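Student: sequence and predicted model, in that order:
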Amino acid sequence: MGPHRSPLLLLLPAFLVLLLLLLCHRACVDASEWWSLAMNPLQRPELYLLGAQPLCSQLVGLSQGQRKLCQLYQDHVVHIGDGARLAIRECQHQFRNRRWNCSTADSDSVFGRLTQIGSRETAFAYAVSAAGVVNAVARACREGELATCGCSRAARPPDLERDWLWGGCGDNLEYGYRFAKEFVDAREREQHYARASAENARALMNLHNNEAGRRAVYRLADVACKCHGVSGSCSLKTCWLQLADFRKVGKELKEKYDSASAVRLGRRGNLEPASRKFSPPSVDNLVHVDASPDYCVRNETTGSLGTAGRSCNKTSEGMDGCELMCCGRGYDHFKATVVERCNCKFHWCCYVKCKKCTSVVDRFVCK
């Protein structure tokens with residue numbers, strides 16, 4: 001028989017496994033953000049109708065303040081998830097031809113380890129996410145899906161034609177902005193970092209970019225009108241406030257990304273330009289405290305997925321071109337067979353009939 005083992009030693013491996021699981025869970029929660037609301041649980045809104053408080057406490061990525069808001073505004077949480085998904089899709093569209101293409105491979109933290117670095121890409125992720133929540137909540141108010149808000153009560157624009165009516169059911173941008181500010185900023189607001197610490201600089205960066213994203217939605221909203229009158233004479237118009245298409249918001253934030261300002265923590269505990277050559281950034285600009293990592297090569301530490309295997313455009317001289325996208329490593333060329341709909345014809349009434357056309361195209365992939 002082998003040496004005698006005490007009961008305590010027999011239980012020790014199981015205890016260590018449990019401890020590691022708990023530590024892993026804690027690390028995952030600390031590393032994640034409210035962006036996790038874009039994942040599967042939000043596709044089942046009926047879970048929020050009964051017993052919502054336990055569910056709010058189980059959602060990964062929420063800070064203490066965000067959990068309280070989840071409990072108070074249960075019907076909002078589904079739309080926060082909608083806003084997060086909208087933001088992720090827009091991020092992936094805007095960066096589809098860049099070395100960093102807004103990949104979301106990490107299911108816990110959505111954007112992966114990237115957001116642990118205060119780079120320009122992180123600045124865009126925070127801004128577009130805050131914008132997505134404003135957009136989704138403001139639209140949900142208008143559609144009557146939230147108990148605490150309804151149509152917009154925005155004041156009549158001073159330049160609106162005197163004979164036009166103001167008061168159609170507009171997107172409630174004011175409510176969407178206020179709720180997004182309270183929810184999205186909660187994590188940074190409830191932390192108490194040392195004034196001169198790197199953590200404080202990063203929290204200020206996040207808050208600044210959140211506000212820039214919300215302001216972009218607010219600034220791009222416009223007046224929409226509908227004509228009334230006999231035989232379409234448009235003798236009378238009813239007008240209301242309407243959100244801009246989110247693609248327009250994403251485009252503007254992408255332009256802000258391209259001109260993002262490098263900042264550092266000043267002596268007074270505020271953000272100031274990293275170089276005296278530059279003016280302080282405005283509230284509409286994106287800011288970053290760290291340089292961007294190298295996105296050419298896969299790096300588990302920084303969260304970079306690298307560009308190996310990415311498609312590139314052989315004839316382009318831009319970032320989507322094979323020379324830049326592949327970081328000088330070269331690319332592989334192969335033929336691909338593509339089947340597409342073609343020769344479509346409309347048949348009265350009421351359908352479109354198409355043929356299937358096959359073609360062979362050139363594909364180029366980074367080594």
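Tutor: In hand now; what should we look at?
Student: which residues of the stretch 151-300 of the chain fall in strands?
Tutor: Applying DSSP state E, counting those that start in this stretch to the stretch 151-300 of the chain gives strands spanning 165-166, 222-228, 236-242, 261-265, 271-273, 287-288, 298-299.
Student: could those strands go into CSV alongside mean pLDDT?
Tutor: Shown next, in CSV, are those (pLDDT from 0 to 100):
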stretch, mean pLDDT
strand 165-166, 88
strand 222-228, 88
strand 236-242, 89
strand 261-265, 95
strand 271-273, 94
strand 287-288, 98
strand 298-299, 90
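Student: low pLDDT regions in the chain?
Tutor: Filtered on pLDDT under 70, the chain yields the residue ranges 1-32, 40-54, 104-110, 230-232.
Student: please enumerate the helices of it.
Tutor: Ranges of helices in the chain, per DSSP state H, are 7-31, 52-58, 64-72, 77-94, 120-142, 173-184, 186-189, 198-220, 246-258, 322-325.
Student: what's the third one in contact with?
Tutor: This points to helix 64-72. By C-beta atoms under 8 Å, 6 or more residues apart in numbering, the residues outside helix 64-72 that reach it are 34, 52-53, 56-57, 59, 62, 76-77, 182-183, 186-187, 189-190. In short, each C-beta sits where N, CA and C put it, glycine included.
Student: any idea which of the residues you listed is closest to residue 118?
Tutor: Closest to residue 118 out of the contacts of helix 64-72 is residue 187 (14.7 Å), distances taken as C-beta to C-beta.
Student: thought that closest one was touching residue 63?
Tutor: Yes: look at residue 187 against residue 63 with C-beta atoms under 8 Å: they come within range, at 4.1 Å.
Student: okay, and the common contacts of those two?
Tutor: residue 34.
Student: ok, the residue lying closest to residue 179 once chain neighbours are set aside - how many residues close by?
Tutor: Nearest residue to residue 179, sequence neighbours excluded (C-beta to C-beta, 6 or more residues apart in numbering): residue 137, at 5.2 Å. Residues lying near residue 137 (other C-beta atoms under 10 Å) number 28.
Student: so how far is residue 78 from residue 242?
Tutor: Distance, residue 242 to residue 78, by C-beta to C-beta, to the nearest Å: 22 Å.
Student: measure residue 290 to residue 205 for me?
Tutor: 9 Å.
Student: wait, what's in contact with the residue nearest to residue 90 when sequence neighbours are not counted?
Tutor: In space, and not counting its chain neighbours, residue 90 is closest to residue 250: 3.9 Å by C-beta to C-beta, 6+ apart. If you count contacts by C-beta under 8 Å, 6+ apart, residue 250 has them with 90, 91, 93, 94, 128.
Student: so which of the contacts of helix 64-72 would you say is closest to residue 100?
Tutor: Out of the contacts of helix 64-72, the member with the shortest distance to residue 100 (by C-beta to C-beta) is residue 34, at 21.4 Å.
Student: contacts only, for that closest one.
Tutor: Residues near residue 34 by C-beta under 8 Å, 6+ apart: 61, 62, 63, 66, 80, 84, 183, 184, 187.
Student: what do you get for residue 290?
Tutor: Counting by C-beta under 8 Å, 6+ apart, residue 290 has contacts 117, 118, 119.
Student: what's the neighbour count on residue 237?
Tutor: Counted with other C-beta under 10 Å, residue 237 comes out at 17.
Student: out of the helices of the chain, which comes closest to residue 159?
Tutor: Here helix 198-220 is closest among the helices of the chain (C-beta to C-beta), at 16.2 Å.
Student: packing partners for the closest one?
Tutor: In terms of contacts (3 or more C-beta pairs under 8 Å, 6 or more residues apart in numbering; DSSP states H and E), helix 198-220 is packed against helix 120-142, helix 173-184, helix 186-189, helix 246-258, strand 261-265, strand 271-273, strand 287-288.
Student: nearest to residue 343, out of the ones you listed?
Tutor: helix 246-258 (30.2 Å).
Student: appreciated, that's everything.
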